[in-house]
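I would like the atomic coordinates for the input below:
(one chain, ligands or ions: 2)
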Amino acid sequence: MSAAAFTGPSVTDIDAAKVRGAGSNVHFDKVVVAYGAHVVLHPLTLDIAPGEILAMIGPSGSGKTTALRAVAGFVRPASGRIRIGATDVTDLPPYERGLGMVVQNYALFPHMRVEDNVAFGLRAQGADKALIGERVKDALATVGMATFARRYPRELSGGQQQRVAIARALAVRPRVLLLDEPLSALDAQIRRNMVEEIARLHRSLPGLTILYVTHDQTEALTLADKIAIMRDGRVCSHGPTTELYRRPPNRFTAEFLGRANLLPVTVAEAAGPKGFATARHGDAVLTGAGRGEKVGDKSLLCIRPQHLSLTADSEHTNRIVGTLREVHWQGELTHLVLDVDGTPVRVSATKLPMALPEPGTEVPLFFAPADTSLLPEDAGV
Ligand SMILES: Nc1ncnc2c1ncn2[C@@H]1O[C@H](COP(=O)(O)OP(=O)(O)OP(=O)(O)O)[C@@H](O)[C@H]1O
Ligand SMILES: [Mg+2]
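Ligands and ions are numbered 1, 2, ... in the order given. I've put the predicted structure just below:
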C-alpha cells in the first residue's frame with residue numbers, strides 16, 4: 001500500500017474540524033470505470049450515509065475493489081462524480097480525500113515498529129510530534145494494541161498485524177474508512193474475532209463511515225447496516241442488511257446472501273394490507289410476504305433452510321411435502337436435502353425428531369409465513 005492510501009487531509013485541529021463539518025457520507029453519482037475498452041463499473045449510483053457501514057459483496061470480478069479504488073482516488077472514473085460529504089472529490093488526489101484504507105495484505109512496513117507504522121501517515125502530513133504521539137496512542141488503544149507499540153510486525157500474529165493496519169488507517173482520523181477484504185488472509189477463528197472487533201470499533205467511532213468490501217457474506221451480515229450486492233459491475237440490490245436477507249428482491253440476492261430454497265409457485269391471492277400473499281405449489285397453498293405480485297403470476301417462494309421444520313409449531317402454518325434424499329450431521333446442525341416435486345430443498349435443523357425418517361420417505365415440512373417471501377421468477381437480476 002502506498003503512503004497515499006492512508007494519508008488524509010492535514011491534521012491541524014482547524015482542518016480536522018473542517019473535515020468533520022464536511023460530513024462523511026459517500027455518494028457515487030453515475031460512476032463509470034473502464035480499463036481500456038473493458039467497462040467494469042456501469043453507471044454506479046449509490047449512497048453511503050454518514051456513520052454507516054456499507055458492505056459491498058459480490059462474486060470475484062464483479063467490480064467491488066474497483067468501486068472502492070474509485071472512492072480512494074486510485075482509479076479515475078471515465079464519467080460520473082464521487083462526493084464525500086459536500087466535497088466533490090472526483091478530481092482530488094487520494095491524500096486530499098480524508099480517507100483511511102486497509103487492504104487484504106495489510107502491508108505493514110516490516111522494518112518499522114508498530115508505533116512508527118501507525119505514525120506513518122501523520123508524519124507524511126508533517127504533523128507535530130506531540131500530536132503524533134497522542135494519535136498513535138489513541139489509535140492503538142482503539143484496536144486493543146496499546147501494549148504492542150514497540151514490537152515489529154514480525155513479532156505479531158496475523159490478526160494483530162491487521163489490527164495495527166486498522167490503527168494506521170485510523171490515526172489520520174479519516175472521515176471514511178475503506179476496507180477491502182481486510183480479513184481474508186486470516187484463518188476462520190481469528191476472522192470471527194476480528195469481525196466482532198470491527199463492530200466494537202465502529203461503536204466507539206460512530207461517525208466513521210465504512211465501506212467494507214468482502215465476498216464473505218457472514219462478515220457482511222454481521223457488520224453492515226446496509227449491503228450492496230454487485231454483479232457484473234452493477235449494483236444488483238442495495239438495502240438494509242436484515243431486509244435484504246429476509247426479503248431478497250431477486251434470485252441472485254437470495255442465493256448470494258445466505259442459502260435459499262426457491263420454490264416455484266403461482267400467485268393465488270395478491271398481498272393484502274398486512275403484506276402477505278398466497279401462492280400455490282401443486283396442491284399446497286402457501287403464504288408469504290408479497291412484493292406487488294398479481295394473481296396468476298409465476299413467482300418463487302424463498303425459504304431459508306433454518307426456517308423449515310419437521311415439526312409443526314403454531315406459527316408454522318405453511319406445509320409442503322418432500323422426499324428425504326440426504327442427511328448430513330454436522331454437530332450443531334443437521335442438514336437435510338429433500339426433493340419437493342423436482343426442486344431440491346435444504347433444511348438446517350438444530351432439533352430433530354428422535355427417530356429420523358429413512359432416506360426415500362416422504363416428510364412434511366412446516367414454515368412460518370413471516371419467514372417466507374415471494375420474489376420474481378426471472379433468472380436474471
Ligand atoms: N488494473 C486493471 N486492468 C484491467 N482490468 C482490471 C484491472 N483491475 C481490475 N480489472 C478488471 O475489472 C473487473 C473488476 O475487478 P475488481 O478487482 O473490481 O473485482 P472484485 O469484485 O474486487 O473481485 P475480487 O472479489 O476477486 O477481488 C475484473 O474483470 C478485473 O479483471
Ligand atoms: Mg477485489
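
Backbone torsions only: list them for S348.
Note on S348: its backbone torsions stand at phi -110, psi 110 [degrees, to the nearest 10].

ok, now which ones touch it?
Neighbouring residues of S348 by C-beta atoms under 8 Å, 6 or more residues apart in numbering: 259, 305-306, 333-335. (Glycine included, C-beta is placed from N, CA and C.)

near ligand 1, which residues of the stretch 251-381 of the chain show up?
Remark: no part of the stretch 251-381 of the chain is in contact with ligand 1, using C-beta under 6 Å from any ligand atom.

residue ranges with poor pLDDT in the stretch 251-381 of the chain?
Applying pLDDT under 70 to the stretch 251-381 of the chain flags the ranges 354, 379-381.

all helices of it, in order?
Using DSSP state H, counting those that start in this stretch, the helices of the stretch 251-381 of the chain run over residues 251-256.

what separates the residue nearest to T334 when sequence neighbours are not counted from R325, distance-wise?
Distance criterion C-beta to C-beta, 6 or more residues apart in numbering; nearest residue to T334, sequence neighbours excluded, is A349 at 5.1 Å. For A349, the distance to R325 equals 15 Å [C-beta to C-beta, to the nearest Å].

hang on, the earlier thing: any idea how far the residue nearest to T334 is from ligand 1?
For A349, the distance to ligand 1 equals 32 Å [C-beta to the nearest ligand atom, to the nearest Å].

what's the answer for Y35, then?
From Y35 to ligand 1 the distance is 3 Å (C-beta to the nearest ligand atom).

Could you do R154 as well?
From R154 to ligand 1 the distance is 27 Å (C-beta to the nearest ligand atom).

Just give me the longest strand of this protein.
Longest strand in the chain by number of residues, with DSSP state E as the criterion: strand 318-330.

ok, and what's touching that strand?
Against strand 318-330 from outside (C-beta under 8 Å, 6+ apart): 263, 281, 284, 286-288, 312, 334-340, 344-345, 356-369, 372.

Please point out which parts of it sit buried.
318, 320, 322-324, 327 (16 or more other C-beta atoms under 10 Å).

Check those against ligand 1 and report the nearest one.
Using C-beta to the nearest ligand atom, V327 is the member of the buried residues of strand 318-330 that sits closest to ligand 1, with 33.6 Å.

for the residue of the stretch 201-350 of the chain at minimum distance from ligand 1, what are its contacts?
Here the stretch 201-350 of the chain gets closest to ligand 1 at one residue, H215, 5.0 Å apart by C-beta to the nearest ligand atom. H215 is in contact with 57-60, 64, 181, counting by C-beta under 8 Å, 6+ apart.

Just the ones of those residues in strands?
I57.

Can you select the buried ones among the contacts of H215 for me in ChimeraX?
Entered in ChimeraX, the line below selects the buried ones among the contacts of H215, by 16+ other C-beta under 10 Å:
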select :57,58,64,181
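
Keep only those of the contacts of H215 that are also close to ligand 1.
Among those, the residues that sit close to ligand 1 (C-beta under 6 Å from any ligand atom) are 58, 60, 64.

Dump those residues to CSV, plus pLDDT.
Below are the ones next to ligand 1 among the contacts of H215 laid out as CSV (pLDDT from 0 to 100):
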residue, pLDDT
G58, 94
S60, 93
K64, 96
